[in-house]
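Student: need coordinates for the following:
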Amino acid sequence: MLHLHNFILMSNNLLHNESIPSTRKKIIVLGSGPNRIGQGIEFDYCCVHGLLAIKECGYEAIMVNCNPETVSTDFDMADKLYFEPVFWEHLWEIIELEQPEGVIVQLGGQTALKLSKRLHEKGIKIIGTSFDDMDIAEDRGRFSDLLKQLDIPYPEYGTAFTADEAIEVANKVGYPVLVRPSYVLGGQRMRIVINDEEVEKAVVSLLKHIPDNKILIDHFLDRCQEAEVDAIFDGENFHVMGVMEHIEPAGIHSGDSNAVLPAFNLSPLLVETMEYYSEKIARALHIKGLINIQFAIKGNKVYVIEANPRASRTTPFIAKAHQVPYLNIATKVMLGAAKLTDFTIEKKLEGYAIKEPVFSFDKFPGVSKELGPEMKSTGEAIRFIKDLRDPYFRTLYKERSMNLSK
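Tutor: Numbers count the residues shown, from 1 in each chain. Predicted coordinates for the structure are as follows:
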């Protein structure tokens, strides 16, 4: 039976409001809502550990989420739970009632992050990285401009708002190109195309489903390796949680790729370059908390594809693999309650950890099983191996080599 003093239901149909605000200092954590492609149980892990860290820092921890399958919505996890859709109208009513010290958006995936603009406009404090700095990373065009200023390599790109403009940009940057919108979840509506006709078709489809969205046209780096870095920055100190190398070739969404921690086929120089670029970006964006950066490596040159100024799907994976409470540490950094130097971080991974995507094609027989830049996996698992002679890894790597040779 649920404890109603902790389990709060807000509804226009209710005349009585059960929620009585306390006099304590409060922090609100935004969850990711219902499970969907691009975000699911991984962000529940982030929210749970964030709530525990908030309590340890002496705040009242308030959770806003609407997924009954998650631990973050258990009645005894937060000091107070609002079981509500993660929409602005609901959040604003909660904020007006609770008057929190601030709101954490870094732990709930893209759904939570999208509410940062409304919070900023209303003058509500966003705990951790500021809205404008997060927006630079989210806006594909602004982020590419930042990389140019920092002298960090990135694929040639251009922006467009119509199909005609997109075709013009595609011819300028050179085919093949990746057509994608800004501010999307799980690679939604992203397409790799090779000619003007396909560009037009992709843009028309994109604008039909996501009207008025700015379209980014990237030159697609074919036949390259992909890797990603997850890190924490406290404004002074930078810590790399992990460098993961994807097994699948370029063009497959990171959520659908098998990935290995640590990198297994990249030279120390390339890994050091990725870490250097990551710190440079974190400092330029004034990150306070978590950041995930995606890389492409071609011809011994490292290119930055994108940056996510929040917890990524791989953050819990890395925390479990290394047996380090990274979400607890990152939350305390966001709150300004601690610096990275306050923690003794000892990574305990022996050998390698492989992130395995989980697909549900058997439940959706009409869905194409072909993988690409739009994510299709519905979860992930972790597999530990002692060394690269492991039969499972050798099979995966052999398949990758065959795909690259095509």
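
Student: secondary structure class of the most centrally placed residue in the chain, three-state.
Tutor: The residue lying closest to the centre of the chain (CA atoms, centre = their mean) is residue 312, at 3.4 Å. Recorded secondary structure, residue 312: coil (DSSP: H, G, I helix; E, B strand; the rest coil).

Student: and it, what does it touch?
Tutor: Counting by CB atoms under 8 Å, 6 or more residues apart in numbering, residue 312 makes contact with 228, 230, 290, 292. Every C-beta, even on glycine, is put in place using the N, C-alpha and C of the backbone.

Student: wait, the second one touches residue 319, no?
Tutor: This points to residue 230. No - assessed by CB atoms under 8 Å, residue 230 is found out of contact with residue 319, at 9.3 Å.

Student: need the overlap of contacts for the two.
Tutor: Taking CB under 8 Å, 6+ apart as the criterion, residue 230 and residue 319 both touch residue 241.

Student: looking at these two, which is more packed in?
Tutor: Between residue 230 and residue 319, counted using other CB atoms under 10 Å, residue 230 has the larger neighbour count: 27 against 23.

Student: packing partners for the helix or strand encompassing the more buried one?
Tutor: Element membership for residue 230, per DSSP states H and E: strand 225-233. Strand 225-233 is packed against strand 238-246, helix 268-284, strand 289-298, helix 314-322, helix 326-335, with contacts defined by 3 or more CB pairs under 8 Å, 6 or more residues apart in numbering; DSSP states H and E.

Student: contacts for whatever helix or strand comes next after the third one next, please.
Tutor: Put plainly, it is strand 289-298. Using DSSP H and E, the helix or strand that directly follows strand 289-298 along the chain is strand 301-308. With CB under 8 Å, 6+ apart as the test, strand 301-308 has contacts from 137, 140, 143, 147, 152-155, 221, 224, 226, 270, 273-274, 277, 281, 285, 291-297.

Student: which residues of the protein score low on pLDDT?
Tutor: Across the chain, residues meeting the criterion (pLDDT under 70) sit at 1-15, 38, 182-189, 399-406.

Student: domain-wise, how is it divided?
Tutor: Partitioning the chain according to automatic domain parsing yields domains covering residues 7-127, 156-219, 225-405.

Student: among these, which comes closest to residue 133?
Tutor: domain 225-405 (4.6 Å; CB to CB).

Student: strand partners (parallel or antiparallel) of the strand holding residue 230?
Tutor: In the sheet containing strand 225-233, its partner strands are strand 238-246 (antiparallel), strand 289-298 (antiparallel), by DSSP bridges.

Student: neighbour count says what about the contacts of strand 301-308? Which are buried?
Tutor: Of all these considered here, the ones buried according to neighbour count by 16 or more other CB atoms under 10 Å are 137, 140, 143, 147, 152, 154-155, 221, 224, 226, 270, 273-274, 277, 281, 285, 291-297.

Student: need the contacts of residue 312 in a markdown table with distance to residue 214, can you?
Tutor: Supplementary listing: those in a markdown table, determined by distance: CB to CB, whole Å:
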| residue | distance to residue 214 |
| --- | --- |
| 228 | 24 |
| 230 | 27 |
| 290 | 25 |
| 292 | 22 |
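
Student: deepest in the core, which of the helices and strands packed on strand 225-233 is it.
Tutor: Ranked by mean neighbour count under mean count of other CB atoms under 10 Å, the helices and strands packed on strand 225-233 are led by helix 326-335, which reaches a mean of 26.

Student: how far does that helix sit from the chain's center?
Tutor: Taking CA atoms, centre = their mean, to the nearest Å, one finds helix 326-335 lying 16 Å from the centre of the chain it belongs to.
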